[in-house]
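Enquirer: Sequence and predicted structure are below.
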Amino acid sequence: MIGCDACDRWYHGPCVGVDKKAADQMTEYVCLFCCRKSGTPYKYGPPEPVPKMTRRPRLRQVAALIDEARAGPRAARPEESCQRTSAVSLMRRRARSEIGGDTGR
């Protein structure tokens, strides 16, 4: 893993074009996103790598869904309410199974 000194995000070396040997010798690393923001060219590995984005939701997104579900129903179209309820139920089941607290609700 290699960390960006500008934004503190961490990346797999091969995903950003930096091998282990180069990473060990490196004193500073600036990721592709920070290079683009600052307008400087990315130094490592042509062509520019495309960091992979995960399909897993972030914890704060899951927490927001659970908080929204706990707050109770809001005025919504019936089809929207059903979709949201099933998504929240699915996320709750997944969260419970991950932490081992499946209560069957």
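Expert: In hand now; what should we look at?
Enquirer: per-domain residue ranges of the chain.
Expert: What automatic domain parsing lists as the domains of the chain is 1-53, 59-99.
Enquirer: Tell me which of those domains is the most buried.
Expert: domain 1-53 (a mean of 13; mean count of other Cβ atoms under 10 Å). Where you see a C-beta, it was placed from the backbone N, CA and C, and this is true even at glycine.
Enquirer: still on that earlier bit, any idea which of the domains of the chain has the lowest pLDDT on average?
Expert: Mean pLDDT is lowest for domain 59-99 out of those, coming in at a mean of 72.
Enquirer: surely Gly17 meets Tyr44?
Expert: Yes. In terms of Cβ atoms under 8 Å, Gly17 counts as a neighbour of Tyr44; the distance is 4.4 Å.
Enquirer: Please report how far Ser86 lies from Ala69.
Expert: Per Cβ to Cβ, to the nearest Å, Ser86 is found 11 Å from Ala69.
Enquirer: The chain: helices as residue ranges?
Expert: 20-25, 32-38, 59-70, 78-99 (DSSP state H).
Enquirer: mind putting the ones you listed in TSV, distance to Gly13 included?
Expert: What follows is the helices of the chain, written out as TSV (distance: least, Cβ to Cβ, whole Å):
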stretch	distance to Gly13
helix 20-25	5
helix 32-38	13
helix 59-70	25
helix 78-99	28
